[in-house]
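Sequence and computational prediction follow.
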Amino acid sequence: MTMHVNATGGPVREGRPLAMALPSIRRLTRADIKAVIAAGIDDFTAAPQFGLFFGGIYAAAGLAIVSLEYFINWTFLVFPMTAGFVLIGPFVAVGLYEVSRRRELGLPLTWRAILGAIHGQSGREIAMLGVVLVFALIVWVKLATYIYAIAFGLHPVAPRELLDAILTTPTGLGFFVFGNIVGAMLAAVVFSISVVSFPYLLDRDVDFATAMAVSVRAVLVNPGPMFAFALIVASALVSAVAAAFLLLPVALPVLGHATWHLYRRVIVSG
């Protein structure tokens with residue numbers, strides 16, 4: 001049997017071809033966005049154990065972080081940290097992309113295969129992209145802390161008092177509006193560099209910088225449909241988090257599987 005190797009001498013994973021050229025970008029429509037969401041639901045219902053596993057871990061981590069913030073009286077970070085936690089969702093969903101990839105190729109769905117999706121050259125590049133998202137999360141928390149300090153000083157404000165300030169004072173309203181604008185801008189950047197890049201790294205033998213560039217191109221070519229998809233993702237994740245993280249075990253896998261199908265529709269591999 002002949003073993004194919006990638007550019008670094010490592011074996012090419014099952015069903016994962018070499019990327020010999022940068023891909024072309026297809027133009028998407030609203031119908032494509034509806035189709036990928038439907039495909040995401042189909043993948044989740046076909047193999048719910050994987051989605052519930054990854055979504056459950058994501059939800060448990062979020063609850064642990066919020067609980068820790070309350071325990072150490074850093075309640076002013078609860079909202080920005082909870083919102084920023086969404087930024088690393090694409091990295092957590094890598095195993096879900098693998099489920100969709102293997103279903104598409106007719107490959108067996110085993111825990112060993114799914115949990116081993118990140119390994120070799122592919123794993124290193126995916127990990128590097130994950131570091132980029134973690135860095136974005138750290139930047140957001142730092143910015144949120146500075147914005148909070150400018151508005152309210154360095155002393156923690158109780159959640160009820162903070163809400164009252166936002167609803168009844170110009171300072172509180174300015175804090176809320178400016179903080180959300182900054183957060184939305186950072187989220188847009190993270191979405192642009194990650195929406196296609198993680199599935200692309202999983203599917204093709206490329207480096208993470210190339211994958212990010214391809215992802216940004218896909219967003220620039222399809223601003224309307226990509227904005228619609230981003231809005232769906234943000235709305236679903238925010239709603240899931242607002243429900244005390246209880247809906248994340250369903251929301252994350254559906255969106256993760258949908259992201260794989262979005263990648264397959266928008267990228268024409270070279």
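Cool, got the structure.

How about the contacts made by the spatially closest residue to residue 77 that is not a sequence neighbour?
Excluding its sequence neighbours, the residue lying closest to residue 77 (C-beta to C-beta, 6 or more residues apart in numbering) is residue 69, at 5.3 Å. For every residue, glycine as well, the C-beta is placed using N, CA and C. The contact partners of residue 69, taken as C-beta atoms under 8 Å, 6 or more residues apart in numbering, are 75, 77, 78, 81.

Pull the most distant pair out of these.
Farthest-apart pair in the contacts of residue 69 is 75 and 81; separation 10.4 Å (C-beta to C-beta).

all helices of the chain, in order?
30-46, 48-71, 78-85, 89-92, 94-105, 111-115, 120-152, 159-168, 170-194, 197-203, 208-221, 223-242, 248-266 (DSSP state H).

most packed of those helices?
Most buried of the helices of the chain, by mean neighbour count (mean count of other C-beta atoms under 10 Å): helix 197-203, with a mean of 27.

Which of the helices of the chain sits closest to residue 22?
Proximity to residue 22 (C-beta to C-beta) singles out helix 208-221 among the helices of the chain, at 6.7 Å.

model confidence over that closest one, on average?
For helix 208-221, mean pLDDT rounds to 96.

From the centroid of the protein, which residue is nearest?
residue 90 (2.3 Å; C-alpha atoms, centre = their mean).

Next up, the contacts around that residue.
Residue 90 touches 133, 190, 194, 195, 198, 259, counting by C-beta under 8 Å, 6+ apart.

State the distance from it to residue 195.
Using C-beta to C-beta, to the nearest Å, residue 90 is found at 7 Å from residue 195.

any common contacting residues for the two?
By C-beta under 8 Å, 6+ apart, the residues touching both residue 90 and residue 195 are residue 259.

follow-up on the earlier one: pLDDT score assigned to the residue nearest to residue 77?
Note for residue 69: predicted pLDDT of 81.

Please identify the nearest residue in space to residue 251, excluding sequence neighbours.
residue 240 (4.0 Å).

so what's that neighbour up against?
Counting by C-beta under 8 Å, 6+ apart, residue 240 has contacts 59, 246, 247, 248, 250, 251, 252.

is it true that the first one touches residue 249?
Yes - under the contact definition of C-beta atoms under 8 Å, residue 59 touches residue 249, with a separation of 5.7 Å.

which stretches of this protein have low pLDDT?
For the chain, residues meeting the criterion pLDDT under 70 lie at 1-21, 120-121, 269-270.

now with 80?
For the chain, the stretches with pLDDT under 80 are 1-22, 72-76, 118-122, 154-156, 158-159, 244, 269-270.

List the contacts of the residue nearest to residue 212 when sequence neighbours are not counted.
With C-beta to C-beta, 6+ apart as the criterion, residue 212 has its nearest non-adjacent residue at 4.4 Å, and that residue is residue 193. If you count contacts by C-beta under 8 Å, 6+ apart, residue 193 has them with 132, 212, 215, 216.

Please dump those residues into JSON lines; it should also carry distance to residue 233 for every row.
Formatted as JSON lines, these follow (distance: C-beta to C-beta, whole Å):
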{"residue": "132", "distance to residue 233": "18"}
{"residue": "212", "distance to residue 233": "18"}
{"residue": "215", "distance to residue 233": "14"}
{"residue": "216", "distance to residue 233": "17"}
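
Of the residues you listed, which is the nearest to residue 138?
Out of the contacts of residue 193, the member with the shortest distance to residue 138 (by C-beta to C-beta) is residue 132, at 10.9 Å.

any idea how far residue 255 is from residue 94?
Residue 94 is 13 Å from residue 255, by C-beta to C-beta.
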